[in-house]
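Peer 1: here you go, sequence then predicted model.
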Amino acid sequence: MAKKGAGGNAPADHDLNCLTIDELQAHAHTMMDKQTRDYYNEGADSGSTLLENIDAYKKYRIRPRVLRDVSKIDTTANLFGFKSSMPIGVAPTAMQKLAHADGELGTARACRKRGVPMGLSSFATTTLEEVAEASAEIPNVLQLYLFENREHSRKLIARAKKAGYKAVFLTVDTPILGRRNLEIRNQFKLPPHFKIANFVEEEEHALADEKPQSQNSANQSRTRQPAKTKTASTAGYTDGEKRVEPTGPITFHTHAANPTLCWEKDIEWLKEECCPEMEVWVKGIATAEDAILAVHHQVRGIVVSNHGGRQLNGAMATLDALPEVVEAVRGQIPVHVDGGIRHGTDVFKALALGADFVWVGRPALWGLAYKGQEGVELMLRLLGDEFRLCMGLAGVTRVEAISREYLVKIDKSGFVARL
Ligand SMILES: Cc1cc2nc3c(=O)[nH]c(=O)nc-3n(C[C@H](O)[C@H](O)[C@H](O)COP(=O)(O)O)c2cc1C
Ligand SMILES: CC(C)CC(=O)C(=O)O
């Protein structure tokens, strides 16, 4: 086990081939096929927001305090009434079996072992029930793409409640899918031996509906046309095309985006559907204005996110958006952040700027690709050890005590500004 306290030298069970998230990324690179690697790693368009999410952390430096007795460091953080071993969770990412056969179950078991929560994507390759079982006492978060056809969403929400999920994170930054050029070039689609597991029933219905049409061409003009199988090159990227509500099998290219999503119509409906068993959060807030609307609509929390730079390229880095959101929310609801977190010091900086908790996306996928469940455990341990060490060397012993006074901001000319 990793040594407790202020860090120290490498604990005995370290993987000497992989001591940082950067090394984990390099290992993962060699383990994934090109289609998967490109899908996981790319950002939208030129990828500048993806890079800025990471670089934004380099604009801040830590002001360490000394002589403060850091022999006992408490890294725990509370959420959904649960004590997470550290203020770090695994963000929802789709189709994890592409990385490793362990898929979402591997992630869930790793999170359980490390005592942190996991967000499960609506578009997982494992059912939400299986993940709930693997997570046991760890609170589950279901990431929701709210479909235009509410029946699909209603069913999913009912299942999540029954399985004991504590919160729904409604993703709000995908009214339209971002443009991902490698996905288009690779004609990315889920290989047929994997399933979008939460919607297998819907897929079977859609395919059954499809049959009579092909068997009886005379009927074709009268029956509903199912959506053609779409890939990245045919879905969501064409402008000027008249949009119709998607039908047919639920795939992420056809159903994840929902341009009709809005506060009044959808948030109120969702709260009613989820209430009182599950909290409704919004994931993908990046401005003070929307943060104020989130508070107004009484969601239970916000995740400051730009979808890991996969949606609007040119959008602000999440760390740059965080302070205005924190200021607008004024402590009324929790504010979490994701995007670009690759080191324990990044976690410390995000918390110092007012985040209550952070989520990591791609590092978990790299962990999975490297060694399945064990790789995700390793990723969480690396980040956790780095975070604990950072707290100790900065002279902080409790997560709640991490504040702006521990940071300075450095501009391009090297000018150092107190916050
Ligand atoms: C391959 C991939 C798939 C993702 N799938 C989803 C998803 O299904 N739902 C969602 O809300 N966010 C999804 N995200 C976004 C993550 O939840 C998170 O916002 C992002 O990965 C954080 O940035 P990071 O990867 O730099 O940590 C995905 C991200 C990646 C990289
Ligand atoms: C279901 C998809 C849209 C997954 C996703 O959010 C992503 O690829 O960024």
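Peer 2: That came through fine. Ligands and ions are numbered 1, 2, ... in the order given.
Peer 1: mean confidence score for stretch 47-67?
Peer 2: Stretch 47-67 shows a mean pLDDT of 98 in the predicted model.
Peer 1: again, but for stretch 109-121
Peer 2: 98.
Peer 1: neighbours of Asn17, just the number please.
Peer 2: Neighbour count of Asn17, defined by other CB atoms under 10 Å: 10. Using the backbone N, CA and C atoms, a C-beta is placed for each residue, glycine as well.
Peer 1: next one: Gly164
Peer 2: Neighbours of Gly164 using other CB under 10 Å come to 16.
Peer 1: equivalent analysis for the one 10 residues further on, please.
Peer 2: Burial of Thr174 is recorded as 21 neighbouring residues (other CB under 10 Å).
Peer 1: what sits against it?
Peer 2: If you count contacts by CB atoms under 8 Å, 6 or more residues apart in numbering, Thr174 has them with 145, 256-258, 284, 307, 311.
Peer 1: what values do phi and psi take at it?
Peer 2: Main-chain dihedrals, Thr174, degrees, to the nearest 10: phi -120, psi 50.
Peer 1: gap between it and Leu146?
Peer 2: Relative to Leu146, Thr174 is positioned 10 Å away (CB to CB, to the nearest Å).
Peer 1: list residues touching both of these two?
Peer 2: Contacts common to Thr174 and Leu146, judged by CB under 8 Å, 6+ apart, are Asn258.
Peer 1: quick revisit: what is the lowest-pLDDT residue among the contacts of Thr174?
Peer 2: Ala256 (84).
Peer 1: ok, that residue touching Leu144?
Peer 2: No: look at Ala256 against Leu144 with CB atoms under 8 Å: they stay out of range, at 10.6 Å.
Peer 1: overlap in contacts, the two.
Peer 2: Joint contacts of Ala256 and Leu144 (CB under 8 Å, 6+ apart) are Ser122.
Peer 1: what segments of this structure are strands?
Peer 2: 60-62, 77-79, 82-84, 88-90, 118-120, 140-144, 167-171, 279-285, 301-304, 335-338, 357-360, 407-410, 416-418 (DSSP state E).
Peer 1: got the residues of the stretch 151-300 of the chain near ligand 2?
Peer 2: Counting by CB under 6 Å from any ligand atom, the stretch 151-300 of the chain comes close to ligand 2 at 252, 256.
Peer 1: give me the residue from the stretch 151-300 of the chain nearest ligand 1.
Peer 2: When scored by CB to the nearest ligand atom, the stretch 151-300 of the chain has Thr171 as its residue closest to ligand 1, at 3.6 Å.
Peer 1: which strand residues bridge the residue nearest to that residue when sequence neighbours are not counted?
Peer 2: When the adjacent residues along the chain are set aside, Thr171 lies closest to Lys283, with 5.0 Å between them (CB to CB, 6 or more residues apart in numbering). Note on Lys283: beta-bridge partners Thr171, Val303, judged by DSSP bridges.
Peer 1: can you list the residues of the stretch 251-400 of the chain near ligand 1?
Peer 2: Residues of the stretch 251-400 of the chain lying near ligand 1 (CB under 6 Å from any ligand atom): 283, 305, 307-308, 310, 338-341, 360-362.
Peer 1: highest neighbour count among these?
Peer 2: Using other CB under 10 Å as the neighbour test, those are led by Gly339, with 33 neighbours.
Peer 1: surely that one is in contact with Thr318?
Peer 2: Yes: in this structure Gly339 lies within contact range of Thr318 using CB under 8 Å: 3.8 Å.
Peer 1: joint contacts of these two?
Peer 2: 53, 305-306.
Peer 1: looking at these, which one is closest to ligand 1?
Peer 2: For the shared contacts of Gly339 and Thr318, the nearest to ligand 1 is Ser305 (4.5 Å; CB to the nearest ligand atom).
Peer 1: now that closest one: how far from Ser71?
Peer 2: Counting by CB to CB, the gap from Ser305 to Ser71 is 36 Å.
Peer 1: how about Pro87?
Peer 2: Taken as CB to CB, the span from Pro87 to Ser71 is 21 Å.
Peer 1: out of these two, which sits in the more crowded spot?
Peer 2: Between Pro87 and Ser71, Pro87 has the larger neighbour count (other CB under 10 Å), namely 26 against 10.
Peer 1: give the contact list for the more buried one.
Peer 2: Contact analysis of Pro87 by CB under 8 Å, 6+ apart lists 75, 77, 347, 351, 355-358, 387, 399.
Peer 1: how about the residues of the stretch 101-250 of the chain by ligand 1?
Peer 2: 121, 123, 143, 171.
Peer 1: between the residues you listed, which sits nearest ligand 2?
Peer 2: Nearest member of those to ligand 2, counting by CB to the nearest ligand atom, is Phe123, at 3.7 Å.
Peer 1: burial of the closest residue in space to that closest one that isn't next to it in sequence, as a residue count?
Peer 2: Nearest residue to Phe123, sequence neighbours excluded (CB to CB, 6+ apart): Ala94, at 3.9 Å. For Ala94, the neighbour count with other CB under 10 Å is 21.
Peer 1: got it, and Glu203?
Peer 2: So Glu203, with other CB under 10 Å, has 15 neighbours.
Peer 1: residues in contact with the residue nearest to Ala136 when sequence neighbours are not counted?
Peer 2: In space, and not counting its chain neighbours, Ala136 is closest to Arg112: 5.9 Å by CB to CB, 6+ apart. Contact analysis of Arg112 by CB under 8 Å, 6+ apart lists 134-138.
Peer 1: got the contact list for the residue of the stretch 251-400 of the chain found nearest ligand 1?
Peer 2: Among the residues of the stretch 251-400 of the chain, Gly361 lies closest to ligand 1, at 2.1 Å counting by CB to the nearest ligand atom. The neighbours of Gly361, taking CB under 8 Å, 6+ apart as the test, are 90-93, 308, 338-339.
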